[in-house]
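A.B. asks: this one's structure only:
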């Protein structure tokens, strides 16, 4: 299990134990993290599971692939550390990962 | 006088469940006409995930969204369904004989004995970009589609987006606009490479401007734009413009179906689980748009709902006919309808 921390826009913190191989989005939904909508259910076909990866973690998490970048065009307030959480797979190296939820999804 | 198209069953939505309803209704001799806001069949399968695999269709261990649509189209071909694409259903009224008259946003009219709402998550409509106060400009100086290019002649045009719509309209409107600026949040584009190259050539020639960034604010008055604030990678720039065309993809909205007087529950349509009929007799709802205890938003469930709905629809359209339950495997009359006997 890998520990993930979600910080909602209002500052509320959610610490969850995530299974390796699951996606960060799935863990947000399962734990009722507010502000993650995931309208398309994880198909990288919308931009409603947008998160900001904590600066200390951007290198470990890595950059979005082309398809995800395309989808990020539809997100609100995209920053260099923006990712779609359905495209981040939980793995051991991500233990302690912190992501922030934006003010709103697109 | 508007031409009226008559059919037995009018289906709102040509996604997988609407398409399969044609099959089940067809076996019972009911003719269908489908209306969809997209320009082709398939709904979400075609629009959102044509290439993504689906693993939970019985007997198809894996099938792509587009392949599922193609197979359904093949399966319903014997029933010769009629389609009206790129239209949103606007009005619905009950006729004195108990049927319905349905109209589209373009004024076409349809008459049917039964209406089936298979509208999934709703109709795909242009997504409003997250720019504060943009509503005040919509329809006056902010547009989400180009109906007539002439309306943009001589204007200072700002086009936002990086997909095919944004690039195609940049290329098409450049000759008519007084000045055209394309804004996209990054220097890479989703659009077809050929369009991107043509756009870059226009930029090199000084015929258009391209700005990397995201639109943050609009200024203007009485709905008429004066300028837009674009936040680039480094700093903010103010771009003078009189028209804005944002292309931020599509989102799903229930749309005018919400005004039809059917009971709704948070944008879903409650139905019974025997006939999948709404609170209005003769109007059915199947697939992702309906709700009942235990509902699962699966294509599989929508197929089941289509089969049961068809039995009820048959009794409405042909009240005096006895419905005999038959299997396609053994019934020669069903096989004739399918064109295989």
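C.D. replies: That came in fine, so what should we check first? Just so it is clear, the model here is predicted, and its values are computed rather than measured.

A.B. asks: contacts for stretch B:191-209?
C.D. replies: B:162-164, B:166-168, B:170-171, B:174, B:179-182, B:189, B:210, B:239 (Cβ atoms under 8 Å, 6 or more residues apart in numbering or on different chains). Where C-beta positions appear, they are placed from N, C-alpha and C, glycine not excepted.

A.B. asks: Okay, buried residues for stretch B:2-12 please.
C.D. replies: In terms of neighbour count (16 or more other Cβ atoms under 10 Å in any protein chain shown), stretch B:2-12 has its buried residues at B:7, B:8, B:9, B:10, B:11, B:12.

A.B. asks: Turn those into JSON lines, columns for secondary structure, pLDDT and distance to residue B:75.
C.D. replies: Listed next are the buried residues of stretch B:2-12 as JSON lines, based on DSSP: H, G, I helix; E, B strand; the rest coil; pLDDT from 0 to 100; distance: Cβ to Cβ, whole Å:
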{"residue": "B:7", "secondary structure": "strand", "pLDDT": "97", "distance to residue B:75": "19"}
{"residue": "B:8", "secondary structure": "strand", "pLDDT": "98", "distance to residue B:75": "19"}
{"residue": "B:9", "secondary structure": "strand", "pLDDT": "98", "distance to residue B:75": "17"}
{"residue": "B:10", "secondary structure": "strand", "pLDDT": "98", "distance to residue B:75": "20"}
{"residue": "B:11", "secondary structure": "strand", "pLDDT": "98", "distance to residue B:75": "15"}
{"residue": "B:12", "secondary structure": "strand", "pLDDT": "97", "distance to residue B:75": "20"}
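
A.B. asks: what sits against the residue nearest in space to the middle of chain A?
C.D. replies: Residue closest to the mean C-alpha point of chain A, counted by Cα atoms, centre = their mean, is residue A:85 at 2.8 Å. Residues in contact with residue A:85, defined by Cβ under 8 Å, 6+ apart, are A:23, A:24, A:25, A:28, A:36, A:38, A:49, A:50, A:51, A:99.

A.B. asks: Show the pLDDT at it.
C.D. replies: Residue A:85 is assigned a predicted lDDT (pLDDT) of 97.

A.B. asks: and what of the one 4 residues further on?
C.D. replies: Looking at residue A:89, its pLDDT is 96.

A.B. asks: picking that back up, mind giving me the PyMOL command for buried ones among the contacts of stretch B:191-209?
C.D. replies: This is the PyMOL syntax for the buried subset of the contacts of stretch B:191-209, where burial follows 16+ other Cβ under 10 Å:
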select buried, chain B and resi 162+163+166+167+168+170+171+174+179+180+181+182+189+210+239
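
A.B. asks: ok, and the helix or strand in chain B with the lowest average confidence?
C.D. replies: Least confident helix or strand of chain B, by mean pLDDT, DSSP states H and E, is strand B:250-253 with a mean of 79.

A.B. asks: from the middle of its chain, how far away would the lowest-mean-pLDDT helix or strand in chain A be?
C.D. replies: Every helix and strand in chain A was compared by mean pLDDT, DSSP H and E; the lowest is helix A:66-72, with a mean of 89. Centre-to-centre, helix A:66-72 and its host chain are 14 Å apart (Cα atoms, centre = their mean, to the nearest Å).

A.B. asks: Packing partners of it?
C.D. replies: strand A:82-84 (3 or more Cβ pairs under 8 Å, 6 or more residues apart in numbering or on different chains; DSSP states H and E).

A.B. asks: Does chain B have contacts with the strand it packs on?
C.D. replies: No. Strand A:82-84 does not reach chain B (Cβ under 8 Å from any Cβ of the partner chain); its nearest approach is 9.9 Å.

A.B. asks: what sits up against that strand?
C.D. replies: With Cβ under 8 Å, 6+ apart, strand A:82-84 has contacts from A:25, A:44, A:47, A:49-53, A:61, A:64, A:68, A:71-72, A:75, A:99.

A.B. asks: Sitting in helices, which of those do you find?
C.D. replies: A:25, A:61, A:68, A:71, A:72 (DSSP state H).

A.B. asks: now these: which count as buried?
C.D. replies: Burial by neighbour count, judged by 16+ other Cβ under 10 Å, picks out A:25, A:61, A:68, A:71, A:72 from these.

A.B. asks: Report the distance from the very next helix or strand once past the least confident helix or strand of chain B to the chain centre.
C.D. replies: Scanning forward in sequence from strand B:250-253 by DSSP states H and E, the next helix or strand is strand B:269-270. In terms of Cα atoms, centre = their mean, the centre of strand B:269-270 is found 20 Å from the chain centre.

A.B. asks: same thing with stretch B:117-127?
C.D. replies: 5 Å.

A.B. asks: Nearest to residue B:257 among the ones in helices among the contacts of strand A:82-84?
C.D. replies: residue A:71 (27.5 Å; Cβ to Cβ).

A.B. asks: how near is the closest residue to that closest one other than its chain neighbours to residue B:251?
C.D. replies: Leaving aside its chain neighbours, residue A:71 sits nearest to residue A:47 (4.9 Å; criterion: Cβ to Cβ, 6 or more residues apart in numbering or on different chains). For residue A:47, the distance to residue B:251 equals 10 Å [Cβ to Cβ, to the nearest Å].

A.B. asks: Which of those two has more residues huddled nearby?
C.D. replies: Shown here are residue A:47 and residue B:251; by other Cβ atoms under 10 Å in any protein chain shown, residue A:47 has more neighbours (26 against 18).

A.B. asks: Find the closest residue to chain A in the stretch 151-300 of chain B.
C.D. replies: Proximity to chain A, evaluated over the stretch 151-300 of chain B using Cβ to the nearest Cβ, is greatest for residue B:190 at 4.4 Å.

A.B. asks: who touches that residue in this structure?
C.D. replies: Per Cβ under 8 Å, 6+ apart, neighbours of residue B:190: A:70, A:73, B:162, B:163, B:164.

A.B. asks: For the ones in helices among the contacts of strand A:82-84, which two are the farthest from each other?
C.D. replies: A:61 and A:71 (16.4 Å).

A.B. asks: List the residues that contact residue B:212.
C.D. replies: B:183, B:184, B:185, B:186, B:187, B:232, B:233.

A.B. asks: hmm, try it at 10 Å
C.D. replies: Neighbour list for residue B:212: B:182, B:183, B:184, B:185, B:186, B:187, B:230, B:231, B:232, B:233, B:234 [criterion: Cβ atoms under 10 Å, 6 or more residues apart in numbering or on different chains].

A.B. asks: Residue B:40 now?
C.D. replies: Contacts of residue B:40 by Cβ under 10 Å, 6+ apart are B:14, B:46, B:47, B:66, B:69, B:73, B:83, B:85, B:86.
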